[in-house]
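K.L.:
take this sequence and fold it.
(chains A, B, C and D)
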Number of protein chains: 4
Amino acid sequence: EAGLSTRSMASKTPVGFIGLGNMGTPMARNLLKNGYPVIATDVFPESCKELSVPVMDTPADVAEKADRIITMLPSSPNVLEVYTGPNGILKKVKKGTLLIDSSTIDPAVSKEMAIAAEKMGAVFMDAPVSGGVGAASMAKLTFMVGGVEEEYHAAQELLTCMGANVVYCGQVGTGQAAKICNNMLLAIGMIGTAETMNLGIRLGLDPKLLAKILNMSSGRCWSSDTYNPVPGVMEGVPSGNNYQGGFGTTLMAKDLGLAQSTATNTKTPIPLGSLAHQIFRVMCSRGYANKDFSSVFQFLREEEGQ
Amino acid sequence: EAGLSTRSMASKTPVGFIGLGNMGTPMARNLLKNGYPVIATDVFPESCKELSVPVMDTPADVAEKADRIITMLPSSPNVLEVYTGPNGILKKVKKGTLLIDSSTIDPAVSKEMAIAAEKMGAVFMDAPVSGGVGAASMAKLTFMVGGVEEEYHAAQELLTCMGANVVYCGQVGTGQAAKICNNMLLAIGMIGTAETMNLGIRLGLDPKLLAKILNMSSGRCWSSDTYNPVPGVMEGVPSGNNYQGGFGTTLMAKDLGLAQSTATNTKTPIPLGSLAHQIFRVMCSRGYANKDFSSVFQFLREEEGQ
Amino acid sequence: EAGLSTRSMASKTPVGFIGLGNMGTPMARNLLKNGYPVIATDVFPESCKELSVPVMDTPADVAEKADRIITMLPSSPNVLEVYTGPNGILKKVKKGTLLIDSSTIDPAVSKEMAIAAEKMGAVFMDAPVSGGVGAASMAKLTFMVGGVEEEYHAAQELLTCMGANVVYCGQVGTGQAAKICNNMLLAIGMIGTAETMNLGIRLGLDPKLLAKILNMSSGRCWSSDTYNPVPGVMEGVPSGNNYQGGFGTTLMAKDLGLAQSTATNTKTPIPLGSLAHQIFRVMCSRGYANKDFSSVFQFLREEEGQ
Amino acid sequence: EAGLSTRSMASKTPVGFIGLGNMGTPMARNLLKNGYPVIATDVFPESCKELSVPVMDTPADVAEKADRIITMLPSSPNVLEVYTGPNGILKKVKKGTLLIDSSTIDPAVSKEMAIAAEKMGAVFMDAPVSGGVGAASMAKLTFMVGGVEEEYHAAQELLTCMGANVVYCGQVGTGQAAKICNNMLLAIGMIGTAETMNLGIRLGLDPKLLAKILNMSSGRCWSSDTYNPVPGVMEGVPSGNNYQGGFGTTLMAKDLGLAQSTATNTKTPIPLGSLAHQIFRVMCSRGYANKDFSSVFQFLREEEGQ
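P.N.:
So this is what the prediction gives:
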């Protein structure tokens, strides 16, 4: 425990950052801006060039030099490789190291990693984010954090450099759980809003008026009042820009796959969540993979000329 | 048109009210409170006793004496009977009479009634309500109004006595459309919230904390932040009272049946709306008919002892 | 009743046929082949040219001359018009006339027509068909017949000229009910087969082998063993011909709309039937309206190059 | 390869059997009946008492003495433990041993086991079964086998002692794939049949007649013609015995969980399969876990007295 207390900016020990993709790069930059020395690695070394920081060859090399490491990776298999692979963090992790995984993955994998880390005397926390590349650049992400409570403040110190909200959710895996739950309800609300707006329009309602009525009534949700999927109802959202940018359908399908897996594993019925998963999955097959997920409105709407 | 302009409180002509059920009675009482003379009828004459107003035998008799008539009935067949039946309003309706139907019915029936009324020189508007018995008593209902715009002010004069919000939605039938759309999205949001809260709890999250996280994030909806279905998360909602009171599952299933019919008739896909309909329908078969519709949380949750 | 007994070929009274579309024309031709004199009408008079039979101006004119009339129309509103419209059959129907409706419509409309016919002293039976244009040409249709039992033999006499199977289902409307039920289960089986074959292929199974295994096991259904939706598994089915011909997605969506309506009206939960309806409805919006309904395999499958 | 060819009854080397539950015990008994010496183990040693065979302490001990081993276990974690656990088969497996896993598990786990076995010079095949305890007793199971083709005959020699059909499906994992696919389509067909029969009954059709019509038409499936879920339609099926016996809802939910996982992992849309999964999952929560899966008819049907 003594070791843990020495982790701080004052220690001058660098913070390790593994995974410099679209999200990881601006996150690491915000650590630098806050005065933390950073060392990094990525499976694609060229990804590291954008940041002027020492680049290590492997996660194990990062673990040798850092006592706080943040990982930001695409999916569960990458996390398994980076932590427990032949050149993984756990091969050379120092006792007392704080490991923070901001990837969105299956909470069961987070729990596995926590157990494996504990065996090496290190501490693993899951801290997935809500918010996209823009929020990452502006340090406006929301972090949902799971792990042992006594380490939360140490994690918070770093995460507040990269995000506007840091929420402690409970034991390890609950950060992932919160993220997955939010995105499942978001997906349901978005498809529901798209169906509802489409039905209303077909029944003769003006879309702006319908949105206004829903938003002052019990149908109100984030997708209707903040991110409306119908072109022309709202400004500054992907529906006004041919569904460019935003949160891709393929990413939403991935998160719903995680919701599905956790629900299957815990024998929890999620009828609408499952159907939402299937709908976004079909959309990925039909050319909507890289459009914002609000393009479900376009997918459900009758094609022109029919 | 001259006839229409004479419709006003000053005319002393009574306002007719047909349908004195749980909702109609407090609505009619609020008209009386605002100084409007009221005459009434109901298929169950004893329903009229609670109000001290002249009781007519049939809708036709009401139509003979009133030049503004409000109807508040359970479903489409009742509306057809009251307007076009052998003793219906249209048998004796006076030219220029304003007919306001606050029932929640198929907008196609509203359109039919408007055409039939027009043939008799009368004007029909649909004005379904959002809000329950409590809102009806306190004159806090929301009215969604469809019909010719030039008659809207005449309708508004009466409706503001009974409600806090009166919204003009467009041509006849659009009031129903707005009501149906709102309730469909409400149903989807409620089931989605119930699934999500249940999944989160199973994954180890505290329900109050999960609700808080959703409500500050993109999963937020009316069912999560105002009417949470999980006992203990929120006060003053049916989930805290064993799902007594509120909006019965059977009523929600009825409204979703209307959404389904209008969607089928307009060939509009509503995948989540349809599934929500089916879920509430199964719940009605399994003993949840008279519980608040947020009891879907209880329906989806594992039974005790399993 | 005496009047009824005189209805027979010997009477030389012509059989009326209303609705000479793709199905009606070959059906009427098979009546002619069996020696029945036919008179006909259609909203598009040119449709009658293909058959060398006397053409009447309106359904009422047909009713004046025939004592057995068969109707074959696209949907409920057409049936309402042809029977109860201003120039409809019931305007001039003769007492004792047998009216057989082979359209696929809402059984509630069939019941309405039966009541209206009975008031005029005529008998109405519903007798929708299973089988397409090919079966109609070869007199291989299946008729599902609803109506009073004592008239069934009179109906059967005519229907056996046009079909290979005639099944008496019970009271009026049950013919429609049987048709709707069959097509709903067919739709569910087809989508299920398409999903299953697609999943198996993705998991490395040869499609022909998978079909063989299913067909010797409990997964077997008509769509897997007689009308497999995967190109190359089976010969002589639309999947082998780019989903040309067969039973169009738009027709299946129409029948599922009827299933949905009857289920909504009888408060019967049909979760898979509803979802099947929504899937075919989305397909209609995405360019599959005129392909055979087994093209759902193509709709669900990943696009080439993804 | 020489080593492999010596595996045969003549070798007198015993066949190992691991997992003596409801299915495994009669399967092992059928091996004995066919003259194969058997040695066995189970996590519950008392399970082995019913068979008069030598009982080993651990799977590793079985592997030390047998050159053909059959495993029949409840789920993926059990298979992982029995093969790769600290006392697992692979700790002491002999080169050339044939490992046949008849458990129903995720095909990805089967592939993992095959790779691990290969490293030890052994051969792993997946051979899940279709058929219940009765079929196991009467040696009437169907085996779906995946694995290297040259070893298939060696597997077939044993499997034909326990089953009536042995089908070679392709590379390792395809046996599981075939099993999962069949059961998914079975689940969809069963729920579809239950919905359809219920709808038809509500529309006035006699259930026996409706079943007859479906079974001569395109709605036909195994659940309608061989295992009808409506009491009284058919004899000798669980619906005639208050849904006792047969294939439990909880087992079907487990298999659909596997279908869901493989579909999620391969990004394959299975809209009806997913919804079927959710419906059986809700049923498990509502008291139907141990009833035959055809009890979905009872679940969907209106309760008495409503």
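K.L.:
tell me who's in contact with A:Ala108.
P.N.:
Contact analysis of A:Ala108 by Cβ atoms under 8 Å, 6 or more residues apart in numbering or on different chains lists A:Gly173, A:Thr262, A:Asn265. C-betas here are computed from N, CA, C, even on glycine.
K.L.:
could I get the residues you listed as CSV with secondary structure?
P.N.:
Putting these into CSV (DSSP: H, G, I helix; E, B strand; the rest coil) gives the following:
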residue, secondary structure
A:Gly173, coil
A:Thr262, helix
A:Asn265, helix
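K.L.:
most neighbours of all these, which one?
P.N.:
Counting neighbours by other Cβ atoms under 10 Å in any protein chain shown, A:Gly173 leads the contacts of A:Ala108 with 27 neighbours.
K.L.:
surely that one touches A:Asp126?
P.N.:
Yes - proximity of A:Gly173 to A:Asp126 meets the contact threshold set by Cβ atoms under 8 Å, at 6.1 Å.
K.L.:
common neighbours of these two, please.
P.N.:
Shared contacts of A:Gly173 and A:Asp126 (Cβ under 8 Å, 6+ apart): A:Pro107, A:Ser110, A:Gly146.
K.L.:
can you show me the CA trace of the longest strand along chain A as PDB?
P.N.:
Longest strand in chain A, counting residues (DSSP state E): strand A:163-170. Output of strand A:163-170 as PDB, limited to C-alpha atoms (Å, rounded to 0.1, in the frame of the first residue of the first chain):
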ATOM      1  CA  GLY A 163     -13.300  14.600 -18.900                       C
ATOM      2  CA  ALA A 164     -16.000  16.900 -17.500                       C
ATOM      3  CA  ASN A 165     -17.700  14.200 -15.500                       C
ATOM      4  CA  VAL A 166     -16.200  11.300 -13.600                       C
ATOM      5  CA  VAL A 167     -18.800   9.000 -12.000                       C
ATOM      6  CA  TYR A 168     -17.900   6.300  -9.600                       C
ATOM      7  CA  CYS A 169     -20.200   3.300 -10.300                       C
ATOM      8  CA  GLY A 170     -19.100   0.600  -7.900                       C
END
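K.L.:
and stretch A:259-269, what's buried?
P.N.:
A:Ala259, A:Gln260, A:Ser261, A:Thr262, A:Ala263, A:Thr264, A:Thr266, A:Lys267, A:Thr268, A:Pro269 (16 or more other Cβ atoms under 10 Å in any protein chain shown).
K.L.:
could you find the closest non-adjacent residue to the spatially most central residue of chain A?
P.N.:
Centrality entry for chain A: nearest residue to the mean C-alpha point is A:Val129, 4.1 Å, by Cα atoms, centre = their mean. Excluding the flanking residues, the one nearest A:Val129 by Cβ to Cβ, 6 or more residues apart in numbering or on different chains is A:Leu141, at 4.4 Å.
K.L.:
so what's that neighbour up against?
P.N.:
A:Leu141 touches A:Met27, A:Val129, A:Ser130, A:Gly131, A:Ala135, A:Met162, A:Gly163, A:Ala164, A:Asn165, counting by Cβ under 8 Å, 6+ apart.
K.L.:
if we go to 10 Å?
P.N.:
Counting by Cβ atoms under 10 Å, 6 or more residues apart in numbering or on different chains, A:Leu141 touches A:23, A:26-27, A:30, A:102, A:127-132, A:134-135, A:159, A:162-166.
K.L.:
which of the residues you listed fall in helices?
P.N.:
Among those, the members falling in helices are A:Pro26, A:Met27, A:Asn30, A:Gly134, A:Ala135, A:Leu159 (criterion: DSSP state H).
K.L.:
from the contacts of A:Ala108, pick the one nearest chain D.
P.N.:
Taking Cβ to the nearest Cβ as the measure, chain D sits nearest to A:Asn265 out of the contacts of A:Ala108, at 8.0 Å.
K.L.:
pLDDT score for the closest one?
P.N.:
We have a pLDDT of 93 for A:Asn265.
K.L.:
that one and B:Thr196: what is the separation?
P.N.:
16 Å (Cβ to Cβ, to the nearest Å).
K.L.:
next SSE after the worst-scoring helix or strand of chain A on mean pLDDT?
P.N.:
Lowest on mean pLDDT, DSSP states H and E among the helices and strands of chain A sits helix A:2-5, with a mean of 42. Toward the C-terminal end, the helix or strand that comes next after helix A:2-5 (DSSP states H and E) is strand A:15-18.
K.L.:
what is that next one packed up against?
P.N.:
Judged by 3 or more Cβ pairs under 10 Å, 6 or more residues apart in numbering or on different chains; DSSP states H and E, strand A:15-18 is in contact with helix A:24-33, strand A:38-41, helix A:59-65, strand A:68-71, helix A:76-84, strand A:98-101.
K.L.:
and that strand, C-alpha only, in CSV?
P.N.:
Taking Å, rounded to 0.1, in the frame of the first residue of the first chain, the C-alpha atoms of strand A:15-18 are listed here in CSV:
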residue,chain,number,x,y,z
VAL,A,15,1.8,8.0,-17.2
GLY,A,16,1.6,5.2,-19.8
PHE,A,17,-1.0,5.5,-22.6
ILE,A,18,-1.8,2.5,-24.8
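K.L.:
what distance separates that strand from the middle of the whole chain?
P.N.:
Offset of strand A:15-18 from its chain centre (Cα atoms, centre = their mean, to the nearest Å): 17 Å.
K.L.:
how about stretch A:273-280?
P.N.:
Using Cα atoms, centre = their mean, the offset of stretch A:273-280 from its chain centre is 19 Å.
K.L.:
mean confidence for it?
P.N.:
Stretch A:273-280 comes out at a mean pLDDT of 98.
K.L.:
output that stretch as PDB, nothing but the C-alphas.
P.N.:
Output of stretch A:273-280 as PDB, limited to C-alpha atoms (Å, rounded to 0.1, in the frame of the first residue of the first chain):
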ATOM      1  CA  GLY A 273     -32.700  -4.000 -26.600                       C
ATOM      2  CA  SER A 274     -32.300  -7.200 -28.700                       C
ATOM      3  CA  LEU A 275     -34.500  -5.900 -31.500                       C
ATOM      4  CA  ALA A 276     -32.600  -2.600 -31.500                       C
ATOM      5  CA  HIS A 277     -29.400  -4.700 -31.900                       C
ATOM      6  CA  GLN A 278     -30.800  -6.600 -34.800                       C
ATOM      7  CA  ILE A 279     -32.100  -3.400 -36.500                       C
ATOM      8  CA  PHE A 280     -28.700  -1.700 -36.300                       C
END
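K.L.:
ok, so of the contacts of A:Ala108, who is nearest chain C?
P.N.:
Using Cβ to the nearest Cβ, these come closest to chain C at A:Asn265, 19.5 Å.
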